[in-house]
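Peer 1: give me coordinates for this.
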Amino acid sequence: MKKSVLMVLAVILVFTGVFTGMTIWQHNRSMSVFAADGYVLGGEAETGVVSCDYFSAGTRYSRNYDERMVFTSTMGGKESVDKTSFIHYTDNSLSSFSTGILVDMEQIASGIVNSYFVDEKMVLTKGTDGYSIDNNGTDLQFGNLLWMIDDMKFLVYSDTLILTLPNGSSQEVAGYLEVEYIDDSVVQICNEEQIWQAVPTGTSITLDNGVVIAAGLGVPESVIALTVVALGTSLPELVTAITSLVKGHGALSLGNVIGANLFNLVLVNGISVALAPFGLPEGSTLAGYNASLVLDLPVAFLVMVLLVAPPLWKGRLYRWQGVTLLALYAAYCAVQFTL
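Peer 2: Numbers count the residues shown, from 1 in each chain. Got it, this is the predicted structure:
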């Protein structure tokens, strides 16, 4: 009896030790390290004081149970910041705790929207002509950029920014501004020197290439849907399509795209509307009419005609169709910024 009790206790101790060791290993494995000295922005607009939580190179940070990032500051205290925060290094390089989308604002005035998926921990390096990031061995350059973490938080960069507030006052700012919606009626804007709070209507940021981020200040939800959401949901189909084409299975590539879109249109939309019917979005208008009626639905119909008509007529797909569809997508994204 005594031996049995000892054996049970020994098994419990061994199990506890293994479990504790695995927990510690997993915790250390999930931790990340700051690449250099830097800071994360904080502060309250009521006081007009910006607080910066400074850290040293090599300091570890991790995500806690309530999805906040925790690290030890240079002052020795434990700091907890939101997971959507940006990381500012002392050499002016930028990073973030979360994945996001980087929009090249350099050519957006001409109707071109180039956007790139940016993983967490990736670093944008500051150079003489703006920022650059490594994309599979190729350096992408950004003179003017907008970095979206989600529809509530983004960062905009330009050599010279002009911040215009609802009272009509303007202020020239060099470098970057972080923008965060506190709620639907208040937006907070800050850099390492100053912080503002204002109502979104009447607030705008003008880049040095003339592009204005306005209309309630921010990135329209339609652009978020066209880039962040669309990219995330369409990547599997894109990979499958390219792989099928490389291996000479064109029919599989086309069937995959059609099947995925039918699934979204019929099953996903069907279940969503059946569970929670909703009306057309009323926020955006074009020539005084609901943008969904005069822009979204006609564009969807045009895309269908461009994709379906040539195969029905000639029995094949052409390269010009792909180029036209890509150009149409870019133009459609650009129009959303003006609504």
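Peer 1: how deep is residue 248 tucked in, by neighbour count?
Peer 2: If you count neighbours by other CB atoms under 10 Å, residue 248 ends up with 9. C-beta here means a position set from N, CA and C on the backbone, and glycine is covered the same way.
Peer 1: then residue 210?
Peer 2: A count of neighbours around residue 210, defined by other CB under 10 Å, yields 8.
Peer 1: Three-state assignment for it, please.
Peer 2: With DSSP: H, G, I helix; E, B strand; the rest coil as the basis, residue 210 sits in coil.
Peer 1: okay, it and residue 146: tell me how far apart.
Peer 2: According to CB to CB, to the nearest Å, residue 210 and residue 146 sit 14 Å apart.
Peer 1: gap between the nearest residue to residue 153 once chain neighbours are set aside and residue 126?
Peer 2: Across the structure, with CB to CB, 6 or more residues apart in numbering as the measure, the residue nearest residue 153 apart from its sequence neighbours is residue 84 (4.3 Å). Taking CB to CB as the measure, residue 84 and residue 126 are separated by 21 Å.
Peer 1: what do you get for residue 89?
Peer 2: According to CB to CB, residue 89 and residue 126 sit 9 Å apart.
Peer 1: the more surrounded of these two?
Peer 2: The neighbour comparison of residue 89 against residue 126 (other CB under 10 Å) goes to residue 89, with 20 against 16.
Peer 1: name whatever forms a beta bridge with that one.
Peer 2: Per DSSP bridges, the residues bridged to residue 89 are residue 38.
Peer 1: so for it, what's the pLDDT?
Peer 2: Each residue has a pLDDT score; the one for residue 89 is 95.
Peer 1: these two touch, right, it and residue 55?
Peer 2: No - the pair residue 89 and residue 55 does not pass the contact test of CB atoms under 8 Å, sitting 9.7 Å apart.
Peer 1: identify the contacts common to these two.
Peer 2: Common neighbours of residue 89 and residue 55, counting by CB atoms under 8 Å, 6 or more residues apart in numbering, are 37, 38.
Peer 1: give me the phi and psi angles of the residue nearest to residue 153.
Peer 2: When read as degrees, to the nearest 10, the backbone of residue 84 gives phi -90, psi 10.
Peer 1: hang on, it packs against residue 150?
Peer 2: Yes - using CB under 8 Å, residue 84 and residue 150 qualify as a contacting pair, with a distance of 6.3 Å.
Peer 1: mutual contacts of those two, please.
Peer 2: Shared contacts of residue 84 and residue 150, defined by CB under 8 Å, 6+ apart, comprise residue 98.
Peer 1: related to what we said a few turns ago, who touches both of residue 89 and residue 126?
Peer 2: Shared contacts of residue 89 and residue 126, counting by CB under 8 Å, 6+ apart, come down to nothing at all.
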